[in-house]
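**Q** Pasted the sequence and its predicted model underneath.
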Amino acid sequence: MTNSFYLIEDVAKQINLTLKKEKVVRLDDFLEKSNYNELLKDVLKLKFIKSNFPNKFSYSSSKIQKNILKMFLDNSFLAFVEKISRNKINNIDLNLRKFSHRDYVLLHDSLKKEKGVIFLLFLFKGEWKPEFGGKRVFELTKEEIVVEPKKNSLFIVNLERKTRSFVKYINNFAGKNSFFVIEGKLI
């Protein structure tokens, strides 16, 4: 499943150091190509339901199938994330969302302030260009972390207390392009 490069002990240590210092790490080509293609194929088969609360968010979401859940609840994946983040995982909250033209997530007062570790895995066919929008922005105490959708990239973000995030509006340049994101909050 996971690209074997990331399982090398020295590489894992370097990833941990980067995460500590930068509060975010991007692991490109995270899944082996065949696993990525299989996961994307499974996600494309799912039925997504549009959720739209104009003052809060607009995106589509789907229930995560057992085979996808199994991939992210696998002991080797969880052990990898624990090793990288140096956080013991008691629970994991997984979401699967689809973002397309006109989708977004706004900051608002009722938005839950988070602390802990979050991971994001982006999936899409074709390409996603920065000018389409869809960046995920995490507001930390003294800085912002910006995560650009990138195919088959796993982002791990260390959240400070009271971290909030939003997704920038996906504009008309996106056309019919969309991306999927599997988000895991480690509790």
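**A** That came in fine, so what should we check first?
**Q** C-alpha only now, for contacts and for neighbours.
**A** Fine.
**Q** can you point me to the longest strand in the protein?
**A** When the chain is parsed with DSSP state E, its longest strand is strand 154-167.
**Q** any idea how far the very next helix or strand once past it is from the chain center?
**A** Downstream of strand 154-167, the first helix or strand assigned by DSSP states H and E is strand 179-186. Its chain's average C-alpha position is 4 Å from that of strand 179-186, according to C-alpha atoms, centre = their mean, to the nearest Å.
**Q** which stretches of the protein form strands?
**A** Assigned by DSSP E, the chain shows strands spanning 24-27, 49-53, 57-61, 92-99, 104-105, 114-123, 136-139, 144-147, 154-167, 179-186.
**Q** which one of these is the most hemmed in?
**A** Most buried of the strands of the chain, by mean neighbour count (mean count of other C-alpha atoms under 10 Å): strand 104-105, with a mean of 22.
**Q** mean confidence score for it?
**A** Mean per-residue pLDDT for strand 104-105: 96.
**Q** ok, residues contacting it?
**A** Contacts to strand 104-105, defined as C-alpha atoms under 8 Å, 6 or more residues apart in numbering, come from residues Lys56, Phe57, Ser58, Tyr59, Gly134, Phe166, Val167, Lys168, Tyr169, Ile170.
**Q** on that earlier part again, can you put the strands of the chain in a markdown table and add distance to Val11?
**A** Shown next, in a markdown table, are the strands of the chain (distance: least, C-alpha to C-alpha, whole Å):
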| stretch | distance to Val11 |
| --- | --- |
| strand 24-27 | 11 |
| strand 49-53 | 39 |
| strand 57-61 | 34 |
| strand 92-99 | 24 |
| strand 104-105 | 34 |
| strand 114-123 | 18 |
| strand 136-139 | 25 |
| strand 144-147 | 21 |
| strand 154-167 | 15 |
| strand 179-186 | 22 |
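**Q** closest one to Ser76 among those strands?
**A** Nearest of the strands of the chain to Ser76, taken as C-alpha to C-alpha: strand 92-99 at 14.2 Å.
**Q** Send me that closest one as PDB with only the CA atoms.
**A** Taking Å, rounded to 0.1, in the frame of the first residue of the first chain, the C-alpha atoms of strand 92-99 are listed here in PDB:
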ATOM      1  CA  ILE A  92      -9.400   8.100  13.900                       C
ATOM      2  CA  ASP A  93     -12.300  10.100  12.400                       C
ATOM      3  CA  LEU A  94     -12.300   9.600   8.600                       C
ATOM      4  CA  ASN A  95     -14.200  11.800   6.000                       C
ATOM      5  CA  LEU A  96     -14.400  11.600   2.300                       C
ATOM      6  CA  ARG A  97     -15.300  14.800   0.400                       C
ATOM      7  CA  LYS A  98     -15.400  15.900  -3.200                       C
ATOM      8  CA  PHE A  99     -14.700  19.500  -4.100                       C
END
